[in-house]
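Enquirer: just coords:
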């Protein structure tokens, strides 16, 4: 009988998973392609949610795990992050989150008061977004075998709006030369908020996470008739990662303008101190979107009408076809530089 | 935000660029020889130059030669192998600055060693390492003490804290280096093509710039103490060009808001108290006399290499010879035959590709690839 087993990648015993594999950059992309996509042939690997065509409409389906440290941070906690993250993964494939499952992996000794705080936040956020949490699971692991609490979610959503641009949904394939690139708000706040509390930096900041649901923003764009070519939330790996993924998937040369990138003063200042590029920092309530040139200003107007979108900007455009993809930025001095896919864990420089 | 917005002011940047062009034009009329080659010593400056595209914004008459000031890049591979061997010990918590963790040793980097069970933690402040030692009295906490004078001062401060608080389970694996001896080595090379030098602002914040005065005189080259933001680097270049135009071979300070001639006396005192100047091996260059800091004999109880019994014997390793040429400014990263081919940020061969401050990483990240 013919074997359907895919040949293994052939790792050496010394090859191990490192933190870089979870950082949303190049190492993670390779892991997905070399291990997961290799053995899971049905994986829809270019988006964070899969879409199933059903009679009467499309269903979108996503799963996500949350391991943030610390569990409570300025602007949210692991629970709000879990609800927002799930809603956003669905929103990015043009789907309105309807139902969610929640699974908890809890470490022995975890305070019940903290657990309740997290659960209460999740309930509130889900209620606000009209998402129903309808099933779940709880596992308790021995002390030392987890970091307080981990959360896994699954979300199911229904696609909204009309099919766009020749009958297909937004995707990297729909990106056209001349499209404008927008970012839905100021970037880098989530990653910096986490870093400022996690790494015990001797710096007082007022940076709060940007964690927020993006569903309303995306629906508003559709309802206003904006023909969004492509959208992607700029989570781990930041805007740099999101743009590089799209450039590669579509084979285009994208150019952004550094002066136009919205960054708050606090994030900019801290990024200078730490030597970290705001484009590489994770966001939990920001997305990049590509729209036809003539609709860019309209899209900006729509986004800015919302609290989460009030700092939206048009940051660049699709220059031309480019095999393998390329992302560049015009610097403050007018030079052009390459924006790479971030590699590995984002670490502060020595000096 | 003060000290942030000023450096992002595009008009101010254009104004300085305009003045740089004027100086070049006047030098042309005086029959000056071009291109003028300016070496920025510090890897942080190299990173800024590539990140902001300063090299492209400048007139073509000015070329950068990238200097050896990347602390991660000059740390010998044998030292990294030694660090990894120490980190693997079960009673050790190994602490390090973040970007050192990515640098490959002969077999693996610290992330991989950590993934296999070693307790390796990155710290932002050296004092955090002492704090970790206080919180884990049953463990030996080692701090990987690398860097130039800039980081040597806070390393001395950590030692001071450990000393005063009686922390006995804290030690340093030292590999700190000094800028001036390496600079002199480059300047004394008979093939040296450097017309002007941007000295590293952070190093001078600690040490001042008195040490550079004899170098500027002896090798007849202007040296300008320079900061790291685009406007600061452009100001440094402007001052350097003005001095070249006037044939002034002296040390100027274009980072006055941070640097005083004598540096930071308190920090210097602290360095002096705990460390002595020793010969030090530099990756890609070799041993440079009096170019490093080591612990004074009376503090050798804080010296990991003396404190730990049975130190592993680390064999000497060959490194890519091109790295040395790039490190000394004799070769541009993109002229290295391995650049972007065998050696990428995903699979670095040399340390210059690993640290953000390495010239190769800066080229790879921001523009060394074909368009």
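Expert: Yep, it's here. Remember, it's a predicted structure, so these values are computed and weren't measured experimentally.

Enquirer: Can you tell me the number of residues neighbouring residue B:130?
Expert: 24 (other CB atoms under 10 Å in any protein chain shown). Where C-beta positions appear, they are placed from N, C-alpha and C, glycine not excepted.

Enquirer: Give me the nearest residue to the residue of the stretch 201-350 of chain A found nearest chain B, chain neighbours excluded.
Expert: Ranking the residues of the stretch 201-350 of chain A by distance to chain B (CB to the nearest CB) places residue A:335 first, at 2.3 Å. The spatial neighbour of residue A:335 that comes closest, neighbours along the chain excluded (CB to CB, 6 or more residues apart in numbering or on different chains), is residue B:53 at 2.3 Å.

Enquirer: isn't that neighbour right up against residue A:328?
Expert: No - with contacts counted by CB atoms under 8 Å, residue B:53 stays clear of residue A:328, the gap being 10.0 Å.

Enquirer: overlap in contacts of those two?
Expert: A:336-337 (CB atoms under 8 Å, 6 or more residues apart in numbering or on different chains).

Enquirer: For the longest strand belonging to chain A, the averaged confidence score.
Expert: Among the elements of chain A assigned as strand by DSSP state E, the one spanning the most residues is strand A:95-107. Summarised as a single mean, pLDDT over strand A:95-107 is 96.

Enquirer: repeat for stretch B:292-305
Expert: The average pLDDT for stretch B:292-305 rounds to 96.

Enquirer: Likewise for stretch B:181-195?
Expert: 93.

Enquirer: residues in contact with residue A:58?
Expert: Residues in contact with residue A:58 (CB under 8 Å, 6+ apart) are A:51-52, A:95, A:158-159, A:169.

Enquirer: Pull out the buried members of the residues you listed.
Expert: For the contacts of residue A:58, burial is judged from neighbour counts taken by 16 or more other CB atoms under 10 Å in any protein chain shown, and it is met by A:51, A:95, A:158-159, A:169.

Enquirer: Out of those residues, list just those in strands.
Expert: For the buried ones among the contacts of residue A:58, secondary structure assignment (DSSP E) places A:51, A:95, A:158-159 in strands.

Enquirer: Just the closest of those to residue B:209, please.
Expert: Taking CB to CB as the measure, residue B:209 lies nearest residue A:95 of these, at 61.1 Å.

Enquirer: So what's the residue count around the residue of the stretch 201-350 of chain A closest to chain B?
Expert: By the measure other CB under 10 Å, the count of residues near residue A:335 is 22.

Enquirer: next one: the one 5 residues further on
Expert: Using other CB under 10 Å, residue A:340 is surrounded by 23 other residues.

Enquirer: can you check residue A:13 too?
Expert: The burial count for residue A:13: 5, using other CB under 10 Å.

Enquirer: SS state for it?
Expert: When classified by DSSP: H, G, I helix; E, B strand; the rest coil, residue A:13 comes out as coil.

Enquirer: quick one: the helix or strand where residue A:197 lies near chain B?
Expert: Taking DSSP states H and E as the definition, one finds residue A:197 inside helix A:189-198. No - Helix A:189-198 lies apart from chain B when judged by CB under 8 Å from any CB of the partner chain; the minimum separation is 9.2 Å.

Enquirer: Now do that helix: distance to the chain's middle.
Expert: On the basis of CA atoms, centre = their mean, to the nearest Å, helix A:189-198 sits 16 Å off its chain's mean C-alpha point.

Enquirer: any idea of the mean pLDDT in it?
Expert: Throughout helix A:189-198, pLDDT has a mean value of 88.

Enquirer: Stretch A:223-240 too?
Expert: Mean pLDDT, computed over stretch A:223-240, is 92.

Enquirer: Quick one: the helices in the stretch 1-150 of chain B, in order.
Expert: Per DSSP state H, counting those that start in this stretch, the stretch 1-150 of chain B has helices spanning B:5-8, B:10-29, B:43-51, B:54-57, B:71-74, B:77-87, B:110-115, B:126-135, B:149-164. These are given in chain order.

Enquirer: which other residues reach the fourth one?
Expert: Pointing back at helix B:54-57 there. The contact list for helix B:54-57 (CB under 8 Å, 6+ apart) reads A:331, A:333-336, B:17, B:48-49, B:64, B:230, B:233-234, B:367.

Enquirer: Next one, pLDDT for residue 64 please.
Expert: Using chain A. At residue A:64, the model reports a pLDDT of 93.

Enquirer: if you could check chain B rather than the one you did, that'd help
Expert: Among the per-residue scores, residue B:64 shows a pLDDT of 93.

Enquirer: now swap in residue A:60 and tell me
Expert: Reported pLDDT for residue A:60: 93.

Enquirer: next one: residue A:345
Expert: Per-residue confidence for residue A:345 comes out at a pLDDT of 69.

Enquirer: The longest helix anywhere in chain A - contacts with which helices or strands?
Expert: With residue count as the measure and DSSP state H as the assignment, chain A has helix A:112-128 as its longest helix. Contacts of helix A:112-128 with other secondary structure elements, assessed using 3 or more CB pairs under 8 Å, 6 or more residues apart in numbering or on different chains; DSSP states H and E, are made with strand A:76-77, helix A:78-91, strand A:95-107, strand A:132-141, strand A:149-159.

Enquirer: The second one to strand A:149-159, inter-axis angle?
Expert: Right, helix A:78-91. Interaxial angle of helix A:78-91 relative to strand A:149-159 (axes from the mean of the first three to the mean of the last three CA atoms, to 10 degrees): 30 degrees.

Enquirer: so what secondary structure elements neighbour helix A:78-91?
Expert: Using 3+ CB pairs under 8 Å, 6+ apart as the contact criterion, the neighbours of helix A:78-91 among helices and strands are strand A:57-66, strand A:95-107, helix A:112-128, strand A:149-159, helix A:215-223, strand A:230-233.

Enquirer: which residues sit in contact with residue 83?
Expert: Just so you know, I chose chain A. Residue A:83 touches A:100, A:121-122, A:125-126, A:129, A:131, A:153, A:213, counting by CB under 8 Å, 6+ apart.

Enquirer: To clarify, I was referring to chain B.
Expert: Neighbour list for residue B:83: B:94, B:96, B:105, B:110, B:144, B:173 [criterion: CB under 8 Å, 6+ apart].

Enquirer: which of the residues you listed tops the neighbour count?
Expert: The member of the contacts of residue B:83 that has the most neighbours, counting by other CB under 10 Å, is residue B:144 with 29 neighbours.

Enquirer: Would you mind listing what in the stretch 51-200 of chain B touches chain A?
Expert: Residues of the stretch 51-200 of chain B lying close to chain A (CB under 8 Å from any CB) are B:51-57, B:71-72, B:97-102, B:107-108, B:111-112, B:114-116, B:122, B:124-125, B:128, B:146-148, B:150-151.

Enquirer: Separate out the buried members of these.
Expert: B:51-57, B:71-72, B:97-102, B:108, B:111-112, B:114-115, B:122, B:124-125, B:128, B:146-148, B:150-151.

Enquirer: Sounds good, over and out.
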